[in-house]
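1. model this:
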Amino acid sequence: MSIIKATKEKVSKDISFIFYENNKIPRYRKIDKFSFSFLTYGPAFLTLISIIIASSSLYYAGTIERQIRSTEPEIIRELRSQNISLTSRVDELNIINEKLTEKLSSSVPEESGSGNLFAPVPGQKDLTSPVTIEVQDFKAQRVDKTLKVTYNVINLTKENKKI
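-> Predicted coordinates:
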């Protein structure tokens, strides 16, 4: 057992180096094992982690780029259909605008005895119904303190329809 104890005690936690340079005195250096393993494996581990991160970010960026490119034609198709519908709507509105401009620029036929209280607006259509009755032989007489009015109503409708 003493041999086993002796070997365990001789195991050191440090690593030592002797540096020889040209004609100078050799130098002795000590590094603990943890620092040595960190200096040896640390850069390799950091390089591996960097490569993994870089490759995963490139893959992610490529996936996003493919997704954007696949949705781009749908957006273009939508915008084209909207453009076509808006262009047709503009054409319709231009035609309506031209018709209204023509109506406003045309003169209103003047009727001399129309009896209208208001002058018609240019481009306005006369939507009044044609005369269907006529009053003839209108007489007003004063009898005592009352007023007596007599008149004849003539039907002017086609086929003398009931009014």
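
2. Can you report how many residues neighbour residue 25?
-> 7 (other C-beta atoms under 10 Å). In this view, the C-beta of every residue, glycine as well, is placed from N, C-alpha and C.

3. got it, and residue 125?
-> 8.

4. so what's it up against?
-> Neighbouring residues of residue 125 by C-beta atoms under 8 Å, 6 or more residues apart in numbering: there are none.

5. give me phi/psi at it?
-> As for residue 125, its main-chain torsions (degrees, to the nearest 10) stand at phi -90, psi 150.

6. what ranges of this structure fall below the confidence cut-off?
-> 1-11, 107-116, 120-123, 163 (pLDDT under 70).

7. Name the next helix or strand downstream of the longest helix along the chain, please.
-> Ranked by residue count and defined by DSSP state H, the top helix of the chain is helix 33-105. Reading on from helix 33-105 to the C-terminus, the next helix or strand found by DSSP states H and E is strand 133-143.

8. name the helices or strands packed onto that next one?
-> Counting contacts by 3 or more C-beta pairs under 8 Å, 6 or more residues apart in numbering; DSSP states H and E, strand 133-143 packs against strand 146-155.

9. care to break the chain down by domain?
-> The chain breaks down into these domains under automatic domain parsing: 12-105, 131-163.

10. what's the closest of the ones you listed to residue 124?
-> domain 12-105 (8.2 Å; C-beta to C-beta).

11. The closest one: how far from the chain's middle?
-> Once both centres are worked out by C-alpha atoms, centre = their mean, to the nearest Å, domain 12-105 turns out to sit 27 Å from its chain's centre.

12. possible to save the domains of the chain as CSV with distance to residue 118?
-> As requested, these are arranged in CSV below (distance: least, C-beta to C-beta, whole Å):
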stretch, distance to residue 118
domain 12-105, 17
domain 131-163, 19
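
13. Out of those domains, which is closest to residue 117?
-> domain 131-163 (17.4 Å).

14. give me the element residue 22 is part of.
-> Assigned by DSSP H and E, residue 22 belongs to neither a helix nor a strand.

15. Spatially central residue in the protein, please.
-> residue 79 (10.1 Å; C-alpha atoms, centre = their mean).
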